[in-house]
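**Student:** Need coordinates for the following:
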Amino acid sequence: MKKVISMILNFIFSFSKINCRKIIFETGNGKVEGNPYAIYAYIKQFCPNDFHTIWFVKPGTDISKLDKQDVVYYRTWRYFRELSSAKFWIRSQSIGSLLKKKQNQIYIQVWHGGGAFKKCGYDITNDKFRPPVDHVQEWDYYIASDPYNASMIHTAYGYNKEISILGLARSDEIVNMDKNEIEGIKKKVLGENSFAYKKIILYAPTFREQDLEKKELTLPIENLQALTDVFILIRLHPLVKGLLNQESLSSNMINVSDYGDVQDLLLISDCLITDYSSIIFDYSLLKRPMIFYTYDFDEYMQERSGFYLDFDKDLPGIIVSTQKELLNCLKNFDKLETVSQEYLDVFNQKYNALNDGNVCERTMAFINTLIDKEEHDEKKC
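**Tutor:** Here you go, the predicted structure:
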């Protein structure tokens with residue numbers, strides 16, 4: 001039935017005329033965030049009249065950051081009409097669609113993570129032959145955050161088309177942040193609790209396959225309830241956030257897994273606790289301390305077959321493996337800040353050289369170059 005519907009829709013919308021100035025944006029998790037939103041926001045601020053922008057969302061999505069006329073809901077008639085007539089598709093994850101990309105449309109993949117941290121795709125199994133996997137075959141261009149990210153997308157997914165190393169678009173917000181706005185974000189996220197604690201800690205663990213087999217998820221951070229002057233924000237992966245046992249959280253912990261844009265959470269946090277997540281490439285730009293809580297290191301190494309970076313030498317923070325070590329680090333916050341700076345400077349020079357606050361500008365220059373190449377070709381536009 002799905003194949004039949006897809007065939008009918010593709011036939012109907014094959015007659016849609018392509019608008020060379022129309023760009024559709026979407027993320028895989030349905031939220032308004034990440035690299036697509038950074039590019040969208042740049043267009044709205046600096047060249048709003050140059051492009052027709054459309055953002056695809058699911059019902060219930062927070063759309064407060066979008067222009068209302070740009071909002072289109074999935075699987076509606078307008079959704080298919082806009083998708084079939086947009087010259088550019090900008091996505092941060094591979095998203096299946098009943099409507100296939102036409103030959104004269106351009107799909108730009110901007111990815112959902114920065115850098116290259118934990119191994120993925122073919123790199124986990126170390127396959128000898130690495131043809132492009134199904135979900136990358138429609139991509140025309142890939143925008144990489146750095147050379148390591150570019151290499152990863154090639155070896156892990158067999159992507160063999162053009163790669164432009166321009167930086168991580170969403171990093172512009174961090175680099176160019178207005179410090180006066182941070183207090184406003186705190187109030188938005190924490191409400192009346194925004195000034196109740198001295199420090200705000202963000203706990204953002206990576207996704208683990210085995211968690212999907214659990215009926216309930218209890219986090220290994222019970223000891224942190226002893227930190228009465230610290231507020232802990234918990235950000236879980238979308239696939240497991242519904243498994244969290246809310247009753248296991250102490251009064252100084254709040255689950256922010258459903259909060260719209262993770263960038264806000266990074267900006268208001270004084271410290272990040274993570275493990276193997278690529279969120280470190282964003283957070284390191286703030287030059288604030290990070291703790292790598294790797295209580296299941298051996299098990300995770302088996303699952304992922306290792307990392308792209310040197311885990312012991314490259315990480316921009318302190319590595320701990322027990323709750324006791326984690327608690328002691330946070331109790332000695334001043335020392336943690338001092339030690340972290342040594343790692344952060346080296347890490348940023350190596351992995352964040354292009355994240356200079358001008359990534360969106362470079363990205364739009366790249367898109368305009370593509371338009372210039374094709375705008376006078378009536379067959380393509």
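**Student:** Please report the distance of residue 12 from residue 72.
**Tutor:** Computed with CB to CB, to the nearest Å, the distance linking residue 12 and residue 72 is 17 Å. Glycine gets a C-beta too; all of them are placed from N, C-alpha and C.
**Student:** Those two: which is more packed in?
**Tutor:** More crowded of residue 12 and residue 72, by other CB atoms under 10 Å: residue 72, with 18 against 14.
**Student:** what sits against that one?
**Tutor:** With contact taken as CB atoms under 8 Å, 6 or more residues apart in numbering, residue 72 is in contact with 54-57, 78-79, 82.
**Student:** Which parts of stretch 359-370 count as buried, going by neighbours?
**Tutor:** Going by neighbour count (16 or more other CB atoms under 10 Å), the buried part of stretch 359-370 is 359-364, 367, 370.
**Student:** Rounded mean pLDDT for stretch 41-53, please.
**Tutor:** Per-residue pLDDT values across stretch 41-53 average out to 97.
**Student:** repeat for stretch 114-124
**Tutor:** In this model, stretch 114-124 has an average pLDDT of 93.
**Student:** ok, and what's touching it?
**Tutor:** With CB under 8 Å, 6+ apart, stretch 114-124 has contacts from 130, 133, 145-146, 148-149, 151-152, 155-158, 168, 171, 206, 276-278, 280-282, 304-309, 351, 355.
**Student:** Return the subset of those residues lying in helices.
**Tutor:** Assigned to helices by DSSP state H, the following of those qualify: 148-149, 151-152, 155-157, 171, 280-282, 304, 351.
**Student:** Kindly indicate which of these lies nearest residue 298.
**Tutor:** residue 304 (11.4 Å; CB to CB).
**Student:** Out of the buried residues of stretch 359-370, which is nearest to residue 41?
**Tutor:** Checking the buried residues of stretch 359-370 against residue 41 by CB to CB gives residue 360 as the nearest, at 7.8 Å.
**Student:** May I ask which helix or strand encompasses the nearest residue to residue 177 once chain neighbours are set aside?
**Tutor:** The shortest distance from residue 177 to any residue other than its chain neighbours is 6.1 Å, reached at residue 267 (CB to CB, 6 or more residues apart in numbering). Assigned by DSSP states H and E, residue 267 belongs to helix 262-268.
**Student:** tally of neighbours for the residue nearest to residue 177?
**Tutor:** Other residues lying near residue 267 total 20 when counted by other CB under 10 Å.
**Student:** Can you name the residues that contact it?
**Tutor:** Residues 173-174, 177, 182, 185, 286 are the ones in contact with residue 267 under the rule CB under 8 Å, 6+ apart.
**Student:** And the furthest pair within the residues you listed?
**Tutor:** For the contacts of residue 267, the farthest-apart pair by CB to CB is 185 and 286; their separation is 13.2 Å.
**Student:** on that earlier part again, mind listing which of the buried residues of stretch 359-370 are in strands?
**Tutor:** Among the buried residues of stretch 359-370, no residue falls in strands (DSSP state E).
**Student:** Dump the residues you listed to a markdown table, plus pLDDT and distance to residue 62.
**Tutor:** Converted to a markdown table, the buried residues of stretch 359-370 look like this (pLDDT from 0 to 100; distance: CB to CB, whole Å):
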| residue | pLDDT | distance to residue 62 |
| --- | --- | --- |
| 359 | 98 | 24 |
| 360 | 98 | 21 |
| 361 | 98 | 27 |
| 362 | 98 | 28 |
| 363 | 98 | 24 |
| 364 | 98 | 25 |
| 367 | 97 | 26 |
| 370 | 94 | 31 |
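**Student:** ok, the residues you listed vs residue 341, which is closest?
**Tutor:** The closest of the buried residues of stretch 359-370, once distances to residue 341 are taken by CB to CB, is residue 359, at 23.9 Å.
**Student:** show me the contacts for the residue lying closest to the closest one once chain neighbours are set aside.
**Tutor:** For residue 359, ignoring the flanking residues on the chain, the nearest one in space by CB to CB, 6+ apart is residue 167 at 3.7 Å. Counting by CB under 8 Å, 6+ apart, residue 167 makes contact with 145-146, 354-356, 358-359, 362.
**Student:** May I see these organised as JSON lines, with distance to residue 120 added?
**Tutor:** Supplementary listing: those in JSON lines, determined by distance: CB to CB, whole Å:
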{"residue": "145", "distance to residue 120": "15"}
{"residue": "146", "distance to residue 120": "16"}
{"residue": "354", "distance to residue 120": "21"}
{"residue": "355", "distance to residue 120": "21"}
{"residue": "356", "distance to residue 120": "27"}
{"residue": "358", "distance to residue 120": "28"}
{"residue": "359", "distance to residue 120": "23"}
{"residue": "362", "distance to residue 120": "26"}
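**Student:** If any of these are buried, put those into a ChimeraX selection.
**Tutor:** Those of these that count as buried under 16+ other CB under 10 Å are selected in ChimeraX with:
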select :145,146,354,355,358,359,362
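**Student:** Report the two of the contacts of residue 167 separated the most.
**Tutor:** The widest separation within the contacts of residue 167, taken as CB to CB, falls between 146 and 358 and amounts to 14.8 Å.
**Student:** Residue 351 contacts residue 146, correct?
**Tutor:** Yes: counting by CB atoms under 8 Å, residue 146 is a contact partner of residue 351 at 5.7 Å.
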